[in-house]
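Visitor: what would the 3D arrangement of this be:
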Amino acid sequence: MQPSDATSVDRFTDQINPTVVATLSEITVLHVAGTDAAAFLQSQFCNDVAALPDYGVQLNGYCTPKGRLLAVFHLIRRGDGFMMLVPESVAPAFRKRLSMFVLRADVTIDRWTIGAPIAILGGGAADASAGELPDVPGQGCVHGESWVGRLPGPTPSWIALGEAGSLDSVRAALPPDTPTATDALWRASRLLAGEPILAGDAVDRFVPQMLNLDLIDGLSFRKGCYPGQEIVARTRYLGKQKRRMLLYHVDAVPTDAPVGPGSAIKSESKSGVGEVLAAERSGDGLLLAVVLRLEHLRSQLSLDIEGPDCPLAPVALPYDALEGTDFVNA
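Guide: Residues are numbered from 1 along each chain as shown. Take a look at the predicted model:
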């Protein structure tokens, strides 16, 4: 699949270059502390918490016993504790469920309210920072009194966390007059990096492989037991993957069209061939992450909504989403 001229995608990428900074007001930060914190999180999450170095950042997920994801988030190790950056709409239920399994362990899970994280997007930040920002994806460091870590993806991207005043030193490493951006641009940049965003009606519907976590270091098959581990492992070892997250764009969507997580995708001859995982609007267009049944990969797809037809055009991911499937990427 080759990307077509993607004007809605261009609107997002043009905003990122050379550099923007966004306050992530729609992200909740959860602080996990206690002597048993590392062992507890290792037993609960689908990625290898034990392999996360100090100040490092990794993509991780939390599953039900049936292997369905309840949350996808960034996990940061800070000394003896951990920070989790979770979409605001998912965070309350995620925290409540995770807390149910603490029992007698020395673990506390609290909402971190000292300051909102910021995101830094664009290659201009790397040029201006002169090595002050980490240059290896997954690597993090202390920057003044803040933490800053680099995320994977084709566009240089960082997240920073600290008290509101302490983030001034991070901002000072950026080019002068760096423009501000919105949470929506941040989310679009993570989708273009191939990361899933799980919220709304998409919660509790997909095993990690359907959202490509096995392709982007968000899932470990060697770390041992966690809720849903048997189902996730069986998906890998007993058959080829039949559904994957793919990116599409639509350049003319009615502004009142209710497109979001759970919205249906149809082909020329069949409805329900996939569903929207996440949608970000730019002008009249939409950037869509779609979980697609791969037998319909070469069909002409469109949004299953009332009104004019809204055909989907593919957008390239920075990795081969068809790895581990019976389908050829052509």
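Visitor: where along the stretch 151-300 of the chain do the helices fall?
Guide: For the stretch 151-300 of the chain, the helices defined by DSSP state H, counting those that start in this stretch cover 168-172, 183-192, 229-237.
Visitor: so which of those helices comes closest to residue 246?
Guide: helix 183-192 (10.8 Å; CB to CB). C-betas here are computed from N, CA, C, even on glycine.
Visitor: give the other helices and strands that that closest one contacts.
Guide: helix 7-16, strand 20-23, strand 118-121, strand 274-282, strand 285-293 (3 or more CB pairs under 8 Å, 6 or more residues apart in numbering; DSSP states H and E).
Visitor: quick one: those as CSV, columns for mean pLDDT too.
Guide: Shown next, in CSV, are those (pLDDT from 0 to 100):
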stretch, mean pLDDT
helix 7-16, 76
strand 20-23, 93
strand 118-121, 94
strand 274-282, 94
strand 285-293, 95
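Visitor: most tightly packed of these?
Guide: Across these, averaging neighbours per residue (mean count of other CB atoms under 10 Å) puts strand 118-121 on top, at a mean of 25.
Visitor: what mean pLDDT does the next helix or strand after it get?
Guide: The helix or strand immediately downstream of strand 118-121 is helix 123-129, counting by DSSP states H and E. Averaged across helix 123-129, pLDDT comes to 73.
Visitor: check stretch 168-177 too.
Guide: Stretch 168-177 comes out at a mean pLDDT of 84.
Visitor: follow-up on the earlier one: worst mean pLDDT among the helices of the stretch 151-300 of the chain?
Guide: Least confident of the helices of the stretch 151-300 of the chain, judged by mean pLDDT, is helix 168-172 with a mean of 85.
Visitor: out of the helices of the stretch 151-300 of the chain, which one sits most buried?
Guide: Of those, the one with the most neighbours on average (mean count of other CB under 10 Å) is helix 183-192, at a mean of 23.
Visitor: what ranges do the strands span in the stretch 201-330 of the chain?
Guide: 243-250, 264-266, 274-282, 285-293, 302-303, 313-315 (DSSP state E, counting those that start in this stretch).
Visitor: any idea which of those strands gets closest to residue 182?
Guide: strand 274-282 (9.9 Å).
Visitor: picking up where we left off before, the helices and strands packed on helix 183-192 into TSV, with extra columns for distance to residue 49?
Guide: Converted to TSV, the helices and strands packed on helix 183-192 look like this (distance: least, CB to CB, whole Å):
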stretch	distance to residue 49
helix 7-16	30
strand 20-23	27
strand 118-121	23
strand 274-282	24
strand 285-293	25
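Visitor: these: which one's closest to residue 36?
Guide: strand 118-121 (30.6 Å).
Visitor: give the other helices and strands that that closest one contacts.
Guide: By 3+ CB pairs under 8 Å, 6+ apart, strand 118-121 packs against strand 20-23, strand 157-161, helix 168-172, helix 183-192.
Visitor: residues in contact with that strand?
Guide: Under the criterion CB atoms under 8 Å, 6 or more residues apart in numbering, residues 16, 19-24, 133, 155-160, 167, 170-171, 174, 181, 185-186, 189 lie in contact with strand 118-121.
Visitor: need the helix or strand of the chain with the lowest average pLDDT.
Guide: Within the chain, no helix or strand scores below helix 123-129, which has a mean of 73 by mean pLDDT, DSSP states H and E.
Visitor: show the subsequent helix or strand relative to that helix.
Guide: Proceeding N to C from helix 123-129, the next assigned helix or strand is strand 140-143, under DSSP H and E.
Visitor: give me the pLDDT for residue 5.
Guide: 48.
Visitor: how about residue 245?
Guide: On the pLDDT scale, residue 245 is placed at 98.
Visitor: so what sits opposite it in the bridge?
Guide: With DSSP bridges applied, residue 245 shows beta-bridge pairing to residue 291.
Visitor: state the number of residues packed around it.
Guide: Applying other CB atoms under 10 Å, we find 25 residues neighbouring residue 245.
Visitor: doesn't residue 105 belong to a strand?
Guide: No - counting by DSSP: H, G, I helix; E, B strand; the rest coil, residue 105 is not found in a strand; it is coil.
Visitor: for it, give its distance to residue 227.
Guide: According to CB to CB, to the nearest Å, residue 105 and residue 227 sit 15 Å apart.
Visitor: thank you, goodbye.
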